[in-house]
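S.K.: Mind looking at a prediction? Sequence and model below.
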Protein chains: 2
Amino acid sequence: MSDCIFCKIIEGEIPSEKVYEDEEIVAFEDIDPRAPVHVLIVPREHIPTLNDTEPAQDGLLGRMVLVAMRIARENDVADSGYRLLINCNKDGGQEVFHLHLHVIGGRYLGPMVQRA
Amino acid sequence: MSDCIFCKIIEGEIPSEKVYEDEEIVAFEDIDPRAPVHVLIVPREHIPTLNDTEPAQDGLLGRMVLVAMRIARENDVADSGYRLLINCNKDGGQEVFHLHLHVIGGRYLGPMVQRA
């Protein structure tokens, strides 16, 4: 956990543009935005991948989704549209192994995945 | 709601390959799969878009995510990787206006969104 970049962002050891935080969730701007709005929503707890969540974390997962929706609203893309994504492991394209939910919007986003 | 294709699938009025169901959630194969695994997870309740969910539905949203993870496991793509997506409204690419979560896996999926 000590060399997890998202843990360091959560702790303020690495600077970021935080847009939301509460006792269990932090949200900050993606440093490589793919669209006008691109924010990452992460649990404070270091959970490497979605596979590492437990049934009792349903509330946490749902609140991450609700924070993403709130961020879409605050950025005026709720009506125009947005996409939420969780990438898990290699085929999904997960790059940082601290669970994170992307909220992306502000333009038409194209296909959900590359065509095979 | 009466002409909602997903409501009709949930009710069995339109055939589908269901892979999971409980009292609040149904999951079925996408009829236009983008990868070897492509399943849609939907609430039984007709909720048009993510914007129409309420804070009290955090548990439902989280359980939809957990069902997606379970489906990834059952299809042996949890380790190789997968992607969860919720598309909201036009820019997100939402096509059916009954809230649904995609779980997609079984090959490398490429970028999360088209480059601008």
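M.R.: Yes, it's here.

S.K.: Next, A:Val42: secondary structure please.
M.R.: With DSSP: H, G, I helix; E, B strand; the rest coil as the basis, A:Val42 sits in strand.

S.K.: isn't it right next to A:Ile5, touching?
M.R.: No: using C-beta atoms under 8 Å, A:Val42 is not in contact with A:Ile5; the gap is 10.5 Å. C-beta coordinates here come from the backbone N, C-alpha and C atoms, glycine included.

S.K.: what residues do those two have in common as contacts?
M.R.: With contacts taken as C-beta atoms under 8 Å, 6 or more residues apart in numbering or on different chains, the residues that reach both A:Val42 and A:Ile5 are A:His98.

S.K.: Those two: which has the busier surroundings?
M.R.: Set side by side, A:Val42 and A:Ile5 show more neighbours around A:Val42, with 23 against 15, by other C-beta atoms under 10 Å in any protein chain shown.

S.K.: and A:Ser16, how many neighbours?
M.R.: For A:Ser16, the tally of surrounding residues (other C-beta under 10 Å) stands at 18.

S.K.: Tell me how far the residue nearest to it when sequence neighbours are not counted lies from chain B.
M.R.: Excluding its sequence neighbours, the residue lying closest to A:Ser16 (C-beta to C-beta, 6 or more residues apart in numbering or on different chains) is A:Phe28, at 4.1 Å. When C-beta to the nearest C-beta, to the nearest Å is applied, the distance between A:Phe28 and chain B equals 17 Å.

S.K.: Partner strands of the helix or strand harbouring A:Phe28 and their direction?
M.R.: Element membership for A:Phe28 (DSSP states H and E) is strand A:25-29. Sheet neighbours of strand A:25-29, with direction, are listed as strand A:18-21 (antiparallel), strand A:37-43 (antiparallel) (DSSP bridges).

S.K.: Would you mind finding the most buried of those?
M.R.: When you average the neighbours per residue for each of those (mean count of other C-beta atoms under 10 Å in any protein chain shown), strand A:37-43 leads with a mean of 23.

S.K.: List the residues that contact the residue of chain A most remote from its centre.
M.R.: The outermost residue of chain A, judged by C-alpha distance from the chain's mean C-alpha position using C-alpha atoms, centre = their mean, is A:Ala116 at 25.5 Å. Residues touching A:Ala116, when contacts are defined by C-beta under 8 Å, 6+ apart, comprise B:34-35, B:107.

S.K.: Neighbour-wise, which one of these leads?
M.R.: With neighbours defined as other C-beta under 10 Å, the most crowded of those is B:Ala35; it has 23 neighbours.

S.K.: That one falls within a helix, correct?
M.R.: No: note on B:Ala35: no helix contains this position according to three-state DSSP, which reports coil.

S.K.: circling back to that earlier point, kindly format the C-alpha coordinates of the strand holding A:Phe28 as CSV.
M.R.: Coordinates of the C-alpha atoms in strand A:25-29 are reproduced here as CSV (Å, rounded to 0.1, in the frame of the first residue of the first chain):
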residue,chain,number,x,y,z
ILE,A,25,-14.7,8.2,-0.6
VAL,A,26,-12.4,10.7,-2.4
ALA,A,27,-12.8,12.0,-6.0
PHE,A,28,-10.1,13.8,-8.0
GLU,A,29,-9.4,14.9,-11.6
